[in-house]
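*Asks:* Model the structure of this input:
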Amino acid sequence: MSISDLKALLDEVPDTRELVLRRGLLGVAWDAAYAVWSDAHVEAEDALYRWHRIGGAASYAAYRAAQDREDAAQDALATAAPR
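*Replies:* Take a look at the predicted model:
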């Protein structure tokens with residue numbers, strides 16, 4: 001799959017603004033934001049290791065997408081942090 005194929009595929013996926021969490025929450029907004037960031041961080045690390053291991057444009061694109069999700073989750077965490 002080329003980078004342009006991957007971009008075209010991802011552009012067709014609608015943004016539902018839904019979050020998918022890998023574990024249960026305690027119900028507090030900050031806990032939810034932390035869980036989202038934590039999951040995104042793990043996914044970005046996994047994608048980085050995969051890119052280093054196998055290389056290639058598709059692996060790099062997957063890593064960058066995961067990193068962008070982590071960055072967005074970190075911004076949300078900063079907003080939700082207790083003051």
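
*Asks:* can you tell me how far the residue most central in space within the chain sits from D15?
*Replies:* By C-alpha atoms, centre = their mean, the chain has its centre lying nearest to R69, at 3.2 Å. Separation of R69 from D15 (C-beta to C-beta, to the nearest Å): 12 Å. Where you see a C-beta, it was placed from the backbone N, CA and C, and this is true even at glycine.

*Asks:* Can you check which residues contact both of those two?
*Replies:* Common contacts of R69 and D15 (C-beta atoms under 8 Å, 6 or more residues apart in numbering): none found.

*Asks:* So which elements touch the lowest-mean-pLDDT helix or strand in the chain?
*Replies:* Using mean pLDDT, DSSP states H and E, helix 3-11 stands out as the lowest-scoring helix or strand of the chain, at a mean of 73. With contacts taken as 3 or more C-beta pairs under 8 Å, 6 or more residues apart in numbering; DSSP states H and E, helix 3-11 sits against helix 57-80.

*Asks:* ok so, going back, which element follows the least confident helix or strand of the chain toward the C-terminus?
*Replies:* Downstream of helix 3-11, the first helix or strand assigned by DSSP states H and E is helix 29-54.

*Asks:* What's the mean pLDDT across that next one?
*Replies:* The average pLDDT within helix 29-54 is 89.

*Asks:* got it, and stretch 62-71?
*Replies:* 94.

*Asks:* Quick check: the gap between A78 and A32.
*Replies:* A78 is 14 Å from A32, by C-beta to C-beta.
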